[in-house]
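In: Quick one: sequence plus predicted model below, questions after.
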Amino acid sequence: MVSVSDVLGTGRGALKNVVAMFFIFLSGILMAIAYYVMNFVKVAFEEVNCLIENNLFFETCQEWFLVSIYPFLDLSRILIWFSYFYIFGVVFGLFYLGYKMRRHPSLLVVHIIFSIVVTYLSIEIANIYRVLLGNEFLYSALQPFTIYNQIMLYFPAFMFFVVFISGIIGLLGIWKDRDLEKGENLSYQ
């Protein structure tokens, strides 16, 4: 018998698909803005020229910036990689949710319904993303994020594929559990 807590737990798991979809969208936008700001600040600091008097270590501001500020601003390239790892971490989490779905086979229908909802919402998010790319500032900020751009431009297909694979993982887990419940000996010794 399926309990109410099991249904609510699966509902929250399916709702996590929707939340993960929005986090993928927002993470790339926020990291692109941070990347753009860091590069803008670096260019602004490169234009500063001043002399530092009575200093043992530095004679100009550029020497001081070279040691103190530029190494931090050069870390902006890590944001691109962090964006990729974040997206694939979320995808792995969605696969794990599919694995956890194997408890009750009847709740596979809930997963299918949420798959349809996620695919529809991803169409809307992809359209919003295309509109955002029309903005010159966001377009220039998002240019270095090539993989993120490809994912977002084909976001409905990407999310459908991820949710579909998650459902397949859950379905295979259900079949595996049924085989183990029948008492089949799967020991290969």
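Out: Ah, there it is.

In: Secondary structure element holding the residue nearest the centre of the chain?
Out: The chain has Ile87 as the residue nearest its centroid, 2.6 Å off, counting by Cα atoms, centre = their mean. Taking DSSP states H and E as the criterion, Ile87 maps to helix 76-100.

In: wait, what's in contact with the residue nearest to the centre of the chain?
Out: Listed by Cβ atoms under 8 Å, 6 or more residues apart in numbering, the contact set of Ile87 reads 24, 27-28, 147-148, 151. Backbone N, C-alpha and C define where each C-beta goes, glycine included.

In: which among those residues end up buried?
Out: 24, 27-28, 148, 151 (16 or more other Cβ atoms under 10 Å).

In: Dump those to JSON lines, plus pLDDT.
Out: Converted to JSON lines, the buried ones among the contacts of Ile87 look like this (pLDDT from 0 to 100):
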{"residue": "Ile24", "pLDDT": "84"}
{"residue": "Ser27", "pLDDT": "85"}
{"residue": "Gly28", "pLDDT": "85"}
{"residue": "Tyr148", "pLDDT": "89"}
{"residue": "Ile151", "pLDDT": "90"}
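
In: can you name the two of the residues you listed that are farthest apart?
Out: Ser27 and Ile151 (11.0 Å; Cβ to Cβ).

In: Tell me the helix or strand right after the top helix by length along the chain.
Out: Looking across the chain with DSSP state H, the single longest helix is helix 4-46. Once the chain leaves helix 4-46, the next helix or strand it forms, by DSSP H and E, is helix 61-68.

In: now that next one: mean pLDDT?
Out: For helix 61-68, mean pLDDT rounds to 87.

In: Report the buried residues of it.
Out: 64-65.

In: same check, this time on stretch 135-144
Out: 138, 141-142, 144.

In: any chance of those residues in JSON lines, with distance to Leu75 and pLDDT too?
Out: Formatted as JSON lines, the buried residues of stretch 135-144 follow (distance: Cβ to Cβ, whole Å; pLDDT from 0 to 100):
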{"residue": "Leu138", "distance to Leu75": "22", "pLDDT": "87"}
{"residue": "Ala141", "distance to Leu75": "17", "pLDDT": "87"}
{"residue": "Leu142", "distance to Leu75": "19", "pLDDT": "88"}
{"residue": "Pro144", "distance to Leu75": "14", "pLDDT": "89"}
